[in-house]
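Trainee: how would this look folded up:
(2 chains)
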Amino acid sequence: MTAAATVCIRVCHGDPLAMAGLVSLIGREPGFQVQAGPGADEGIVDVIVADHACALNLLASASAFGPSGAACGFHVPRIVVVTRLDKEGEVMQAIDSGARAYLRQDAPPAELMDAIRHVARGGALYLCQRTAALFRQEPRRAGLTAREEEVLRFLVRGDCNKGIAHQLDISTSTVKAHVSRICEKLHASSRVQVAVNATRRGLLRR
Amino acid sequence: MTALTPPRRIHVAVAHRDPYVAAGVASLLRSRADFVVRTGITDTDGGDGTVDVFVTDYATGLRKAAAAGPGQRGPAPDALLVVTDQCTGWQIRRAVDAGVRGYLLHDCSTQELSDAVRCVAEGRRYLSCAVADQLLDNLAAAAPTVRELEVLQLIAHGLANKDIGRRLGIGEGTVKTHVKALLRKLGESSRTAAIAEAFRRGLLLEAVS
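Mentor: The predicted model follows:
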């Protein structure tokens, strides 16, 4: 591929207004060819620009093919996430799932165009300035286990240990152990603080 | 069209913090014949009577509404239509109280956008269904007092009743009374559940401020 080659981009965004804006701004950029909407199996694109939910769906269905799919030449999409979701947990979820770039929707369009070129070239993870700043502020990810996340979900709703134990079919003392481990990981000293931190950092996956 | 007089074209200004929403709104409205769209304007522009509807984001909408000043009756020179994802009852209430005339959420359809712009241009209000729902819930619910809100903030910081009392210079018994009233007004039975409900209603903002 030469440097002057056209980059083919597909845009998938759940909000009709943002979708229209993305298509019109990307379409205006020289060297970019843009397609709108999901589906469209025909014609493999170089980069997919998607919102948070679309990106996770695409990545989940791509990974369902597994390594064998990749061996058969199945195309793993290079995804640039453009979203208003900007909490630590939301960003981590997309990156862990395999997104190649993460940009907040209020980042200047020039930054998106850079990200698309970078990802089309096969470049490493690209974060917009504000997302990168988020990780400078809180370099440590929460690192909750799947079980801790389950417990956290009930805790944030306001359930007591006994209620959580009943719903997860484990003993109360196991719940207590999970809760104190969660407190430690979130640097919180009370259940309420855990709930507030978890909500503000977006640690409960949708 | 069989109308005797051609319909007057609606002049719309678009200034949104989210560049894609701004571009999307502008290109969608431009594709319809009855709108004249202006973009690339700053906060301080407008208000000169040449614009019928000003489409903007939540923060800019509130700032412009505040600048227009209270006590204005009827449609302001540029009626404000906000497109946002701030969807809690209290945030909507604040915007409507400030004088915002139209309120849409980011996932609205293109048809709803043009309906809303026409509606606001005619001097009426427009709220999307989800927004109206939240606003009515807000009006129907008992509002916490200022003191109760102070207590709520401190609960959210993880303080115990005793520490809240010390911080506000009131007795622990008084704090308990406030907490009890908060739980009742939020319809919850535990502090943690009350905090979750407070986030949902917009009494606590999710962003770390």
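Trainee: quick one, domains of chain B?
Mentor: The record's domain split for chain B, according to automatic domain parsing, is B:10-139, B:146-201.
Trainee: meant to ask about chain A
Mentor: Domain ranges of chain A: A:7-137, A:146-201, per automatic domain parsing.
Trainee: and the pLDDT at the spatially closest residue to B:Arg201 that is not a sequence neighbour?
Mentor: In this structure, B:Arg201 finds its nearest non-sequential neighbour in B:Gly89, 5.3 Å apart by CB to CB, 6 or more residues apart in numbering or on different chains. Quick note: C-beta positions are derived from backbone N, CA and C, even for glycine. Here, the pLDDT recorded for B:Gly89 equals 92.
Trainee: on that earlier part again, and of the domains of chain A, who's closest to chain B?
Mentor: Proximity to chain B (CB to the nearest CB) singles out domain A:146-201 among the domains of chain A, at 2.3 Å.
Trainee: show the average pLDDT along that closest one.
Mentor: When pLDDT is averaged over domain A:146-201, the result is 92.
Trainee: what about it, start to end distance?
Mentor: End-to-end span of domain A:146-201 (CA to CA, to the nearest Å): 17 Å.
Trainee: can it be found next to chain B?
Mentor: Yes - using CB under 8 Å from any CB of the partner chain, we find that domain A:146-201 touches chain B at A:155-160, A:188-193, A:195-196, A:199-200.
Trainee: show me where the chain has its strands.
Mentor: By default, I'm working from chain A. Assigned by DSSP state E, the strands in chain A fall at A:7-12, A:32-36, A:47-50, A:79-83, A:101-104, A:126-127.
Trainee: please refer instead to chain B.
Mentor: Under DSSP E, chain B gives strands at B:10-15, B:35-38, B:53-56, B:79-84, B:102-105, B:126-127.
Trainee: among those, which is the most enclosed?
Mentor: Each of these was scored by mean neighbour count; the highest is strand B:53-56, a mean of 29, by mean count of other CB atoms under 10 Å in any protein chain shown.
Trainee: low-confidence stretches in chain A?
Mentor: Chain A contains residues with pLDDT under 70 at A:1-4, A:38-43, A:65-76, A:137-141, A:206.
Trainee: all helices of it, in order?
Mentor: Ranges of helices in chain A, per DSSP state H, are A:16-28, A:52-64, A:66-71, A:88-97, A:109-120, A:129-137, A:146-157, A:161-168, A:172-185, A:191-201.
Trainee: what would those look like in TSV with distance to B:Tyr20 and mean neighbour count?
Mentor: As requested, these are exported to TSV (distance: least, CB to CB, whole Å; neighbours: other CB atoms under 10 Å in any protein chain shown):
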stretch	distance to B:Tyr20	mean neighbour count
helix A:16-28	4	22
helix A:52-64	14	17
helix A:66-71	32	10
helix A:88-97	18	19
helix A:109-120	7	20
helix A:129-137	15	13
helix A:146-157	31	18
helix A:161-168	41	16
helix A:172-185	35	16
helix A:191-201	25	22
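Trainee: figure out which of these is closest to A:Leu103.
Mentor: helix A:109-120 (5.7 Å; CB to CB).
Trainee: residues contacting A:Asp169?
Mentor: Residues near A:Asp169 by CB atoms under 8 Å, 6 or more residues apart in numbering or on different chains: none.
Trainee: the one 5 residues further on now?
Mentor: Contact partners of A:Thr174, counting by CB under 8 Å, 6+ apart, are A:Ala165.
Trainee: that older thread, could you tell me the least trusted of the domains of chain B?
Mentor: domain B:10-139 (a mean of 87).
Trainee: distance-wise, check B:Asp85 relative to A:Gln167.
Mentor: Distance from B:Asp85 to A:Gln167, counting by CB to CB, to the nearest Å: 31 Å.
Trainee: how about B:Ala193?
Mentor: From B:Ala193 across to A:Gln167, the span is 15 Å (CB to CB).
Trainee: residues near B:Gln86, how many?
Mentor: Neighbour count of B:Gln86, defined by other CB atoms under 10 Å in any protein chain shown: 22.
Trainee: that one reaches B:Asp57, doesn't it?
Mentor: No - counting by CB atoms under 8 Å, B:Asp57 is not a contact partner of B:Gln86; they are 9.1 Å apart.
Trainee: quick one: contacts for the spatially most central residue of chain A?
Mentor: The centroid of chain A falls nearest to A:Ala94 when counting by CA atoms, centre = their mean (2.0 Å). By CB under 8 Å, 6+ apart, the contact list for A:Ala94 reads A:52, A:55-56, A:81, A:83, A:102.
Trainee: could you dump these into a markdown table and include distance to A:Ser171?
Mentor: Output for those, formatted as a markdown table (distance: CB to CB, whole Å):
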| residue | distance to A:Ser171 |
| --- | --- |
| A:His52 | 36 |
| A:Ala55 | 39 |
| A:Leu56 | 34 |
| A:Val81 | 40 |
| A:Thr83 | 40 |
| A:Tyr102 | 40 |
